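*Asks:* sequence first, predicted model second:
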Amino acid sequence: MSWTISRRFAAPLTALALIAPLHQAAAQAPSYLGWTRDVVNYLMFLPDNDHFTWAGQSMAAWNRLVGANPGGPFDRNDWLIGYRIDGAGNPIRNHLPSPDDGDHELGVLTSAQMVNRGYNSWSDLGANGVNYQWTQNSGGLASVIVENDSFINPAIADDADQHRKSLTHEFGHALGLSHDTFHFGLMYPGTFRQPPNYASWWYNRMYDMHRERFLLEQINDALEQRVWTIENFADMAVWSQTHDNWGSSGSLVVTDVAPATVPAGGTLTLDHLQVENRGNLAAGNVRVTAYLSTNPTISSSDREIGSFSWGSFPGPAAWRNGSVTMRVPAGTPSGAYFVGLVLTTSASEISTANNTAILTGDHTTGFDPIRVTVTN
């Protein structure tokens, strides 16, 4: 049996309106850590109620990829990640983990607890989250994942957004995904670089979903049976960040706007935009509208400055590192305005919480929202 450590470091698609071409996710083998043949059901050390809630939300971010398995030897594979319950049906939340014991284990442990249980200290790891993983050859497959021990550093455990980002990332490792620096996604090492979502609890991006979907399809093909029931859906999203060199080594960059001061009737340019379909079904009549808002609550009742659209947006696909120029309406009152984006589509989506974004600075600013000043 072999084991690895996956860390999240603490130092932090195509026809456009039809603006530029979309980048569709290629059907090629992604790098991976191992095969997910069985449900990852965790024994937990999560006595804190918030931590338990955020863990459930992070599990749900991945579980939407699969549906109930109707029968056969893998009929229990009705979700990807879950937790174990006791005889009364209650989640087990007070279990202290041990390495290489055959159980998937999850928790928020202090450095002293980590070392006492046989793991590395947080200072040695230099991470906000970590996933220890054990694999073995089984059933004709090499590197079947048999144990994940996934932990969140207590230093960030009470920050809801960073907790979800970190844990969703570690769950990606638990499902077999390695780091990926070539695309915009949560598996980019260092989730501290990624802004908090405007509303959604789900932090995995289109390319993360595509890679995991591909891996699940591959294990179905390898075993020639339905190990996983892959769900089909559309799920559009707009984010205030993108990858600056998609498909090659590059960096994550936040969406920005220029100039910082603009006269009413003048133009603003938004750079580094990301619009994507996390699902595998096309979405119709997709439109992204930009707004100026006097407060950080972005809605269609704010002051519209322009929009762009697609008649059909394939899935999985992304319009990445995009740029648009929009005009501030004449007569806009002088003042400082937040900049937001709202996406609409005629498609039935699995979530609309990721259809709104607000422009922010990067992690060095604490993700402070960007504001532009309008003058008259």
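*Replies:* Right, received. Where do you want to start?

*Asks:* and the lowest mean pLDDT element among the helices and strands of this protein?
*Replies:* Sorted by mean pLDDT, DSSP states H and E, the helices and strands of the chain end with strand 2-9, the least confident at a mean of 44.

*Asks:* might one say that residue 176 is in contact with residue 36?
*Replies:* Yes. Counting by CB atoms under 8 Å, residue 176 touches residue 36, with 5.0 Å between them. Glycine gets a C-beta too; all of them are placed from N, C-alpha and C.

*Asks:* what sits up against stretch 248-257?
*Replies:* For stretch 248-257, the external contacting residues (CB atoms under 8 Å, 6 or more residues apart in numbering) are 181-182, 184, 188, 193-195, 239-245, 268-274, 321, 339, 357, 359-362, 370, 372.

*Asks:* buried only: go through those for me.
*Replies:* 181-182, 184, 188, 193-195, 239-243, 268, 270-274, 321, 339, 357, 359-360, 362, 370, 372 (16 or more other CB atoms under 10 Å).

*Asks:* domain parsing of the chain, as residue ranges.
*Replies:* 2-230, 236-375 (automatic domain parsing).

*Asks:* phi first, then psi, for residue 58.
*Replies:* Here is the backbone geometry of residue 58 (degrees, to the nearest 10): phi -70, psi -40.

*Asks:* quick one: it from residue 253, how far?
*Replies:* Residue 58 is 25 Å from residue 253, where distance means CB to CB, to the nearest Å.

*Asks:* looking at the two, which one has more neighbours?
*Replies:* Counted by other CB atoms under 10 Å, residue 58 and residue 253 do not tie: residue 58 has more neighbours, with 28 against 18.

*Asks:* tell me the contacts of the more buried one?
*Replies:* Applying CB under 8 Å, 6+ apart to residue 58 gives the contacts 164, 167, 168, 171, 201, 203.

*Asks:* helices along the stretch 101-250 of the chain, start to end?
*Replies:* 111-117, 122-125, 160-174, 206-223 (DSSP state H, counting those that start in this stretch).

*Asks:* which strands and helices sit next to the shortest one?
*Replies:* The reference is to helix 122-125. helix 111-117 (3 or more CB pairs under 8 Å, 6 or more residues apart in numbering; DSSP states H and E).

*Asks:* please identify the buried residues of the helix it packs on?
*Replies:* Using 16+ other CB under 10 Å as the test for burial, helix 111-117 gives 111, 113, 114, 117.

*Asks:* one more: stretch 90-97?
*Replies:* 91, 93, 95, 97.

*Asks:* quick one: contacts of that stretch?
*Replies:* Contact with stretch 90-97 is made by 43-47, 52, 83-86, 103, 105-107, 109, 113, 117, 149, 151, as judged by CB under 8 Å, 6+ apart.

*Asks:* what about that stretch, distance to the chain center?
*Replies:* Centre-to-centre, stretch 90-97 and its host chain are 26 Å apart (CA atoms, centre = their mean, to the nearest Å).

*Asks:* and what of stretch 43-63?
*Replies:* Distance, centroid of stretch 43-63 to centroid of chain: 15 Å (CA atoms, centre = their mean).

*Asks:* what do you get for stretch 258-269?
*Replies:* Relative to its chain's centre, stretch 258-269 lies at 32 Å (CA atoms, centre = their mean).

*Asks:* show me where the stretch 1-150 of the chain has its strands.
*Replies:* For the stretch 1-150 of the chain, the strands defined by DSSP state E, counting those that start in this stretch cover 2-9, 23-24, 40-45, 66-67, 81-83, 104-108, 127-138, 141-152.

*Asks:* looking at the buried ones among the contacts of stretch 248-257, which are in strands?
*Replies:* By the criterion of DSSP state E, membership of these in strands covers 239, 241-243, 268, 270-274, 321, 339, 357, 372.

*Asks:* Throw these into TSV and include distance to residue 259 and pLDDT, thanks.
*Replies:* Formatted as TSV, these follow (distance: CB to CB, whole Å; pLDDT from 0 to 100):
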residue	distance to residue 259	pLDDT
239	23	96
241	21	96
242	21	95
243	25	95
268	7	97
270	12	97
271	12	96
272	16	96
273	17	96
274	22	96
321	20	93
339	12	98
357	21	97
372	8	98
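
*Asks:* of all these, which two lie farthest apart?
*Replies:* 243 and 372 (24.4 Å; CB to CB).

*Asks:* that older thread, could I get the buried residues of stretch 90-97 as CSV with pLDDT?
*Replies:* Putting those into CSV (pLDDT from 0 to 100) gives the following:
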residue, pLDDT
91, 96
93, 97
95, 97
97, 97
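
*Asks:* closest one of those residues to residue 366?
*Replies:* Nearest to residue 366 among these, with distances taken as CB to CB, is residue 93, at 31.6 Å.

*Asks:* now do that closest one against residue 253, distance only.
*Replies:* Relative to residue 253, residue 93 is positioned 39 Å away (CB to CB).

*Asks:* point out the most buried one among the helices of the stretch 101-250 of the chain.
*Replies:* helix 160-174 (a mean of 26; mean count of other CB atoms under 10 Å).

*Asks:* report all helices and strands that that one contacts.
*Replies:* Helix 160-174 packs on strand 2-9, helix 49-63, strand 127-138, strand 141-152, going by 3+ CB pairs under 8 Å, 6+ apart.

*Asks:* any idea how far stretch 332-344 is from the chain center?
*Replies:* For stretch 332-344, the distance to the chain centre is 25 Å (CA atoms, centre = their mean).

*Asks:* need the CA coordinates for it. CSV is fine.
*Replies:* Output of stretch 332-344 as CSV, limited to C-alpha atoms (Å, rounded to 0.1, in the frame of the first residue of the first chain):
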residue,chain,number,x,y,z
THR,A,332,-25.1,58.8,-13.7
PRO,A,333,-24.7,60.6,-10.4
SER,A,334,-21.2,61.4,-9.2
GLY,A,335,-19.8,59.0,-6.5
ALA,A,336,-18.1,55.8,-5.8
TYR,A,337,-19.6,52.5,-7.2
PHE,A,338,-19.0,48.8,-6.7
VAL,A,339,-18.9,46.8,-9.9
GLY,A,340,-20.9,43.6,-10.2
LEU,A,341,-21.9,41.0,-12.8
VAL,A,342,-25.2,39.1,-13.0
LEU,A,343,-25.7,36.1,-15.3
THR,A,344,-29.0,34.9,-16.6
